[in-house]
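>>> Sequence and predicted structure are below.
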2 protein chains.
Amino acid sequence: MLRADHFPIGALSAATGVNIETIRYYEKIGLIPAPPRTDGRQRVYDVSHLKRLTFIRRGRELGFSLDQVRELLGLVRGHDLTCANVKAMTDSHVTDIRRKVRDLRKLERVLTELAAKCAGDAVPDCPILDALSKGS
Amino acid sequence: MLRADHFPIGALSAATGVNIETIRYYEKIGLIPAPPRTDGRQRVYDVSHLKRLTFIRRGRELGFSLDQVRELLGLVRGHDLTCANVKAMTDSHVTDIRRKVRDLRKLERVLTELAAKCAGDAVPDCPILDALSKGS
DNA sequence: TATGCAATCTGTAGTCACTACAGCTACAAG
DNA sequence: CTTGTAGCTGTAGTGACTACAGATTGCATA
């Protein structure tokens, strides 16, 4: 944990695991507020930035888009989210994820089947390429 | 199936299910050869283009990147692929897919657990937001 | 105080695989 | 010959960053 109550961007990056360039990017798109600066125009952060950025990182890790994270942060027209709002967003996100998993598992099955037909020898002729080429 | 042996881009698009803009994009990045043109500079395709584009579309549907498709097409330095090459690419792709599935299922589990704790009522206080905010 | 060097700054361009659009020209049917 | 659809080029936008160039700042040591 950071002991100092003010720290530069590198420390914020290290503490949150968010890339320095990404932090500046988040500032540019208004996801985190522009922090105060030193006389030399270097950014100075405090614990509130650390918390907010940690929230963003976890949201991203859970697969929310930046826009969804923005919404979760209650940034949309200053509107405070209710628990019901958040649950609805989460449920719809889970539905998306389940669909992706289904699609990927199907892909996996098809590719595995194709690979099984493939002897893996040194000839240029291959059942996988055949399967991709054959008429509809 | 197309009966004419020469056809314009719209017909190629309809026959393959690949968007017109995407076909031109594929040409620009060298994935399909530039076809001959009419006097009015409109592209004229034949069955070879149709086959190649179908191959590309199927490869994409199986989740290969354009660079992998390019490789499967044997475009990389004119080197012909052996069956072993193709099998190796496919296997590594399957490994990628399995990893993605694992990650997504984990995400699904975490989100489902979070959503279960959430009463879904109208108060602004929400266990999901709490979980994202809490210290590490 | 001087110096050296790591950290930070801004701004731009690149990534992937397209998609969208503006403003133009070509072609086929009636 | 007109009308309408199809096609043309070139550029910019998408999401979520990442990479870089070239400048400046800040801090520690000599």
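Ah, there it is.
>>> Flag every residue of chain A that's near DNA strand C.
Residues of chain A lying near DNA strand C by Cβ under 7 Å from any atom of the strand: A:Pro8, A:Ile9, A:Gly10, A:Ala11, A:Ser13, A:Ile20, A:Glu21, A:Arg24, A:Arg37, A:Arg41, A:Gln42, A:Arg43. (Glycine included, C-beta is placed from N, CA and C.)
>>> residue contacts, the residue sitting nearest the centre point of chain A?
Among the residues of chain A, the one closest to the centroid is A:Arg60, at 3.6 Å (Cα atoms, centre = their mean). A:Arg60 makes contact with A:Leu66, A:Val69, according to Cβ atoms under 8 Å, 6 or more residues apart in numbering or on different chains.
>>> and the gap between A:His49 and A:Gly59?
From A:His49 across to A:Gly59, the span is 16 Å (Cβ to Cβ, to the nearest Å).
>>> A:Leu66 too?
Remark: distance between A:Leu66 and A:Gly59 (Cβ to Cβ) = 9 Å.
>>> and stretch A:85-99, does that touch DNA strand D?
No. Stretch A:85-99 stays clear of DNA strand D (Cβ under 7 Å from any atom of the strand), getting no nearer than 11.5 Å.
>>> avg pLDDT for that stretch?
Stretch A:85-99 shows a mean pLDDT of 93.
>>> Give me the neighbour count for the nearest residue to A:Leu73 once chain neighbours are set aside.
Ranked by Cβ to Cβ, 6 or more residues apart in numbering or on different chains and with sequence neighbours excluded, the top spatial neighbour of A:Leu73 is A:Phe55, at 6.9 Å. Neighbours of A:Phe55 under the rule other Cβ atoms under 10 Å in any protein chain shown: 20.
>>> tell me which element A:Gly10 falls in.
If you go by DSSP states H and E, A:Gly10 is part of helix A:9-16.
>>> what mean pLDDT does that helix have?
For helix A:9-16, the mean per-residue pLDDT is 97.
>>> C-terminal to that helix, what's the next element?
Going down the chain from helix A:9-16, the next helix or strand is helix A:20-28, by DSSP H and E.
>>> so does that following helix get close to DNA strand D?
Yes. Applying Cβ under 7 Å from any atom of the strand, one finds helix A:20-28 in contact with DNA strand D at A:Glu21, A:Thr22, A:Tyr25.
>>> circling back to that earlier point, just checking the one helix or strand the residue nearest to the centre of chain A maps to against DNA strand D, any contact.
Element membership for A:Arg60 (DSSP H and E) is helix A:47-61. Yes. On the criterion Cβ under 7 Å from any atom of the strand, helix A:47-61 is in touch with DNA strand D at A:Arg60.
>>> From A:Val101, how far out is whatever residue of chain A ends up closest to DNA strand C?
In chain A, the residue found nearest to DNA strand C is A:Gly10; the distance is 2.3 Å by Cβ to the nearest atom of the strand. To A:Val101, A:Gly10 is 37 Å away according to Cβ to Cβ.
>>> which one of those two has more residues nearby?
Taking other Cβ under 10 Å, A:Gly10 and A:Val101 do not tie; A:Val101 has more neighbours (18 against 10).
>>> check which helix or strand covers the residue lying closest to that one once chain neighbours are set aside.
Excluding its sequence neighbours, the residue lying closest to A:Val101 (Cβ to Cβ, 6+ apart) is B:Leu104, at 4.9 Å. Take DSSP H and E as the rule and B:Leu104 turns out to sit in helix B:83-117.
>>> how about that helix: buried residues?
By neighbour count on 16 or more other Cβ atoms under 10 Å in any protein chain shown, the buried set for helix B:83-117 is B:83-87, B:89-90, B:93-94, B:97, B:100-101, B:104, B:107-108, B:111, B:114-115.
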